[in-house]
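*Asks:* sequence and computational prediction follow.
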Amino acid sequence: MADELGVTKAAISVQVRTLEKHLMCHKIPTSNDRKDYYFISDDISMTSLQANIQKMQRIQHQIEHTLHIFDQLEGIEEEERSSHDACKRRFIEMQAMYEMFLNRLDGLEEEWNRRRAQLFPQIE
């Protein structure tokens, strides 16, 4: 079936390693088999949520670093001033947007834990 879809073993291997790197799956240790077996983490939804929040935080930090560099720039030529100011405004907008995103996500992990417990009360 994989051949029908054009998916290669190498592509699958890369994706599995990526999932493993992000703690979304784990290799099952085996001693008698050369094949690798994996299972999906029980907390994959929380892991995914946390990974996305961390990614947004990294982007926000990069934006803040870039704005800091803008503040350090000196001697901007007059013909470059409008481009400089437009670019800086875009980064200020992105900073505000990511701040808004992250503020709205504050508490989402706890809310998800409560919601997940409601979805499957017999498991929790």
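*Replies:* That came through fine.
*Asks:* contacts for whichever strand or helix holds Ala117 next, please.
*Replies:* Using DSSP states H and E, Ala117 maps to helix 108-119. By CB atoms under 8 Å, 6 or more residues apart in numbering, the surrounding residues in contact with helix 108-119 are Ser45, Met46, Leu49, Gln50, Ile53, Glu124. For glycine as for every other residue, the C-beta is placed from the backbone atoms N, C-alpha and C.
*Asks:* same for the strand or helix carrying Ile63, what does it pack against?
*Replies:* Element membership of Ile63, judged by DSSP H and E, is helix 44-72. If you count contacts as 3 or more CB pairs under 8 Å, 6 or more residues apart in numbering; DSSP states H and E, helix 44-72 packs onto helix 78-105, helix 108-119.
*Asks:* switch these over to JSON lines; also include mean neighbour count, distance to His61 and mean pLDDT.
*Replies:* As requested, the helices and strands packed on helix 44-72 are exported to JSON lines (neighbours: other CB atoms under 10 Å; distance: least, CB to CB, whole Å; pLDDT from 0 to 100):
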{"stretch": "helix 78-105", "mean neighbour count": "12", "distance to His61": "9", "mean pLDDT": "95"}
{"stretch": "helix 108-119", "mean neighbour count": "12", "distance to His61": "19", "mean pLDDT": "91"}
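*Asks:* select, out of those helices, the one closest to Gln62.
*Replies:* Among the helices and strands packed on helix 44-72, the nearest to Gln62 by CB to CB is helix 78-105 (9.7 Å).
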